[in-house]
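*Asks:* Predicted structure and sequence below. I'll ask about it afterward.
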Amino acid sequence: MILKAYVREAWRSLIATKQRTLLALIGISIGIGAVISMVAIGQMVSNEALRQFRSLGSNLITLSLYDISTQQLTFRSTRNTAELHQRLSCVELSAPLSTQGVTLDRGMNGTLASVSSEFFTLTKAKLAAGRQLSHFDGAKPYVVIGAHVPELLGLSATTNALIGQRIKVGQHHFTVIGALTESPDISTLNLSINTSIFTTLDYIKKRDKQVSFHHALIKVGENFDIEVCERQIHQHLYILNDRVHVNTVTAKQLLEQMREQTELLDIMLAMIAGISLLLGGVGIMNIMLMSVTERKQEIGIRRAMGAKQQDIRSQFLIESICLCVIGGVMGVLIGVGASYAVSSFYHWVYLMPIYPIVLGSCVSILTGICFGFIPANHAAKLDPIDALQCD
Amino acid sequence: MLKLTNISKSFCSGHTQLPILNNLSLSVAKGEMLAVMGRSGSGKTTLMNIAGLLDHPDSGEFELNGRSITHMPDNELSQVRNESIGFVFQSFHLMPRLCAWENVAIPLLYRGISEQEQKRRSLAMLAKVGLAERAEHKPNALSGGQRQRVAIARALVGEPSLILADEPTGALDPQVAQEIMELFLTLNREERITLVIITHDPRVAAQCHRTLYMQSGKLSTEPRV
């Protein structure tokens, strides 16, 4: 009962000094906001990494070749990478590919990728209609298109009606034989499956002598250690051709990259959280001390009416907690907003788990107690006569 | 009922000790209405603070309702104040943010009784002082006399055995002051409430049962000329 009365009292006194209250709350709300977005961003990064794992599998290596001499070498390298699974026992599947940016009819940007049929197996890209590319397609101008390609080409036909259509991509004319469902991006290759047009390796080799097959997706056999296999690939390719620089990326490394990417953000947010909570807390303490000074007479009256020191202490502590809870609510809004902004900046799936909000609220209440205690204690220890006589 | 024996109190002013109360003794019977008069600075307010358990005497014994409270800890003193003493101040000392009945309810707040009960008793007390229809008004919407009535209701709501009034009519014009005095007289007559009124208005003192004069730290029955 008395608690309810204190909360009502606190609310009235805070309302009576609206402007001051709001200013005092800036620090604390930024602090709480930083705490919430820090946790939420961490969650989103893990979720993103998990998504990558799920879509590609943790046993996938992305291989990139940086050739330092002629195209012939690159061409040879393609064969080398394609044959990796025959040469090394740890490699189960190997799918070389090349990608090039193309401008589509309506000025939209897409990617033309030439792949072997294993590519679809490895990336688990599913067909919505038609069929996949096969070895038997040879150098025929057949393509399988990503889920967003019809849109980019300005085709409004249903997926099934796309099959058999002829499309123009750059200087190439293709026949669509299959269309894919929505698939996640392959960030190790920086490849968006949804906006890509896939044709065969042979077609590109025949039509474009300049083409180079920089990349390969490699699946490591189930019983093999991925890092050992990675080393074997490096050794094997070095023996075959020491003039090609080989770079490999595993899912684990990708995860670490993402962690690194957000580590700086994490440190910054933690610092902002710490500093603004401290400053916010000092602000709260300051405003509470002002409030105690202004209401000295009220304290004297309450003491004369029989309030114990503990009653006065509770009243001001509750006021300070109320203040911080309002700051906490503002902080939750800031945190949710900031996390959303960061997630859309990095194109992550937006996540707002409940526990950082709970954590933020707890932190705000704790700040209220910590920084409200000194003013509340000061109020409680006032001499009732001095307090009464003060005008 | 209230019994002060050999109370002394002095204040430090620089290096010198200024004696305010000097071996003062006072006894107030139940149902009595006592006026204490004296010049400004004669120690009337200090006496009231000590009698109201807000200040500690340097020496002397204090008894209230037969209970010695000379060496009580702060918490118990608060409780005794809450249950046994009601204050009425010259400048009312109402809380501006609270409406009339909420102001009246303050002593009840510290007894941990339910809000409905607080409101019920406060409203009943406001009705007794003739302010039933002003219960929801804030102090700044009330006249001086009405504010003092609210303060009196607040002093009475906890059913204390003693009311201490420090210049209760000092801030009011004579007609309103007389109304307040009549309220005191009625309460004393009908409810047998014990009242100690500190005043320097002889008209107020004249209406009390007994008048004591504060002189050089002591109380005497005759004013010294």
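*Replies:* Now that the structure is in, tell me what you want to look at. In this text, all values refer to a predicted model and were calculated from it rather than measured experimentally.

*Asks:* Report the spatially closest residue to the closest residue to chain B within the stretch 251-391 of chain A, excluding sequence-adjacent ones.
*Replies:* As assessed by CB to the nearest CB, chain B sits closest to A:Gly306 within the stretch 251-391 of chain A, at 2.3 Å. Every residue, glycine included, has its C-beta placed from N, CA and C. Closest residue in space to A:Gly306, ignoring its immediate chain neighbours: B:Asn82 at 2.3 Å, by CB to CB, 6 or more residues apart in numbering or on different chains.

*Asks:* so who does the one you found touch?
*Replies:* By CB atoms under 8 Å, 6 or more residues apart in numbering or on different chains, B:Asn82 lies in contact with A:305-307, B:107, B:110-111, B:158.

*Asks:* Tell me which two in those are the farthest apart.
*Replies:* Across the contacts of B:Asn82, no pair lies farther apart than A:Ala307 and B:Gly158, at 12.4 Å, counting by CB to CB.

*Asks:* Helices of the chain, start to end?
*Replies:* Defaulting to chain A. With helices called from DSSP state H, chain A shows them at A:2-16, A:18-56, A:71-82, A:84-87, A:118-123, A:149-153, A:159-162, A:201-207, A:226-240, A:251-294, A:296-304, A:309-345, A:354-381, A:384-389.

*Asks:* that's the other chain; I wanted chain B
*Replies:* For chain B, the helices defined by DSSP H cover B:44-51, B:74-84, B:100-109, B:115-128, B:144-157, B:174-191, B:202-206.

*Asks:* Switch those over to TSV; also include mean pLDDT.
*Replies:* Putting these into TSV (pLDDT from 0 to 100) gives the following:
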stretch	mean pLDDT
helix B:44-51	90
helix B:74-84	93
helix B:100-109	94
helix B:115-128	94
helix B:144-157	94
helix B:174-191	92
helix B:202-206	92
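
*Asks:* nearest to A:Ile2, of those?
*Replies:* Judged by CB to CB, the one of the helices of chain B that comes nearest to A:Ile2 is helix B:100-109, at 6.2 Å.

*Asks:* Tell me the helices and strands packed up against the closest one.
*Replies:* helix B:115-128, helix B:144-157 (3 or more CB pairs under 8 Å, 6 or more residues apart in numbering or on different chains; DSSP states H and E).

*Asks:* still on that earlier bit, from B:Leu123, how far off is the residue of the stretch 251-391 of chain A closest to chain B?
*Replies:* A:Gly306 sits 20 Å away from B:Leu123, going by CB to CB, to the nearest Å.

*Asks:* and these two? which has more neighbours close in?
*Replies:* Neighbour totals were compared for A:Gly306 and B:Leu123, and A:Gly306 leads with 27 against 18 (other CB atoms under 10 Å in any protein chain shown).

*Asks:* who in the stretch 1-150 of chain A is up against chain B?
*Replies:* Proximity of the stretch 1-150 of chain A to chain B (CB under 8 Å from any CB of the partner chain) is limited to residues A:1-2, A:4-5, A:9, A:12-13, A:16.

*Asks:* Spit out the contact partners of the residue lying closest to A:Ala16 once chain neighbours are set aside.
*Replies:* Counting by CB to CB, 6+ apart, the nearest residue to A:Ala16 once its immediate chain neighbours are dropped is B:Arg97, at 6.5 Å. Residues near B:Arg97 by CB under 8 Å, 6+ apart: A:9, A:12-13, A:16, B:138.

*Asks:* With distance to B:Thr211 and neighbour count as added columns, please give these in JSON lines.
*Replies:* Formatted as JSON lines, the contacts of B:Arg97 follow (distance: CB to CB, whole Å; neighbours: other CB atoms under 10 Å in any protein chain shown):
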{"residue": "A:Glu9", "distance to B:Thr211": "40", "neighbour count": "21"}
{"residue": "A:Arg12", "distance to B:Thr211": "43", "neighbour count": "13"}
{"residue": "A:Ser13", "distance to B:Thr211": "42", "neighbour count": "20"}
{"residue": "A:Ala16", "distance to B:Thr211": "43", "neighbour count": "13"}
{"residue": "B:Lys138", "distance to B:Thr211": "36", "neighbour count": "16"}
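
*Asks:* if we can go back for a sec, out of the helices and strands packed on helix B:100-109, deepest packed?
*Replies:* helix B:144-157 (a mean of 24; mean count of other CB atoms under 10 Å in any protein chain shown).

*Asks:* Give the other helices and strands that that helix contacts.
*Replies:* Using 3+ CB pairs under 8 Å, 6+ apart, the elements in contact with helix B:144-157 are strand B:85-88, helix B:100-109, helix B:115-128, strand B:162-166, helix B:174-191.

*Asks:* Just the pLDDT at whatever residue of the stretch 51-200 of chain A ends up closest to chain B, thanks.
*Replies:* Residue nearest to chain B within the stretch 51-200 of chain A (CB to the nearest CB): A:Arg51, separated by 54.0 Å. A:Arg51 carries a pLDDT value of 75.

*Asks:* was I right about it contacting A:Asp185?
*Replies:* No - if you go by CB atoms under 8 Å, A:Arg51 and A:Asp185 don't touch, sitting 9.7 Å apart.

*Asks:* For A:Leu333, give its distance to B:Leu21.
*Replies:* A:Leu333 sits 59 Å away from B:Leu21, going by CB to CB.

*Asks:* same check, this time on A:Arg87
*Replies:* A:Arg87 sits 108 Å away from B:Leu21, going by CB to CB.

*Asks:* Neighbour count for these two, which is higher?
*Replies:* For A:Arg87 and B:Leu21, the more surrounded residue by other CB under 10 Å is B:Leu21, and the numbers stand at 25 against 14.

*Asks:* Ignoring the adjacent residues along the chain, who's closest to the more buried one?
*Replies:* Distances taken as CB to CB, 6+ apart place B:Lys9 nearest to B:Leu21, at 4.3 Å, with adjacent residues excluded.

*Asks:* Over in chain B, which residue gets nearest chain A? Let me know.
*Replies:* B:Asn82 (2.3 Å).
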